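Chemist: could you look at this predicted model? Sequence included:
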Amino acid sequence: MSKSIFYHAGCPVCVSAEQDIINLIGSDNVEVVHFGEDKSRIIEAENAGVQSVPALVTPTGNVLHINFGASMDEVKG
């Protein structure tokens, strides 16, 4: 993985965090995955260790959970 991946569910907390992440690391350095638009990526996120959104998975595989918005069970529901 060469970019960070920012996973979110579209809630206001997630959208605000998305903008902050893009401003901090640049849009060229992060792929944004919105589960409301692409639920097929939920399993990928869970396999990476994402337990809640918004979350950022770094290129080295570290998962940074940001300001708890929704659990993955809520996202899947």
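Modeler: All right, it came through fine. Numbering: from 1, shown residues only.

Chemist: residue boundaries of the strands in the protein?
Modeler: 4-8, 30-34, 52-57, 63-71 (DSSP state E).

Chemist: I'd like the ones you listed as TSV, with mean neighbour count, distance to Gln19 and mean pLDDT appended.
Modeler: (C-beta placed from N, C-alpha, C; glycine too.) TSV is the format used below for the strands of the chain (neighbours: other Cβ atoms under 10 Å; distance: least, Cβ to Cβ, whole Å; pLDDT from 0 to 100):
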stretch	mean neighbour count	distance to Gln19	mean pLDDT
strand 4-8	23	10	97
strand 30-34	17	10	97
strand 52-57	24	11	96
strand 63-71	16	12	88
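
Chemist: make JSON lines out of the ones you listed and add distance to Gly77.
Modeler: Formatted as JSON lines, the strands of the chain follow (distance: least, Cβ to Cβ, whole Å):
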{"stretch": "strand 4-8", "distance to Gly77": "16"}
{"stretch": "strand 30-34", "distance to Gly77": "16"}
{"stretch": "strand 52-57", "distance to Gly77": "13"}
{"stretch": "strand 63-71", "distance to Gly77": "9"}
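
Chemist: wait, which of those is closest to Cys14?
Modeler: Distance to Cys14, taken as Cβ to Cβ, is lowest for strand 4-8 among those, at 3.4 Å.

Chemist: restrict that closest one to CA atoms and write it as PDB.
Modeler: Output in PDB follows, covering the C-alpha atoms of strand 4-8 (Å, rounded to 0.1, in the frame of the first residue of the first chain):
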ATOM      1  CA  SER A   4      -3.200   5.900   3.300                       C
ATOM      2  CA  ILE A   5      -6.900   4.800   3.100                       C
ATOM      3  CA  PHE A   6      -9.500   6.800   5.000                       C
ATOM      4  CA  TYR A   7     -12.700   4.900   5.600                       C
ATOM      5  CA  HIS A   8     -15.900   6.600   6.600                       C
END
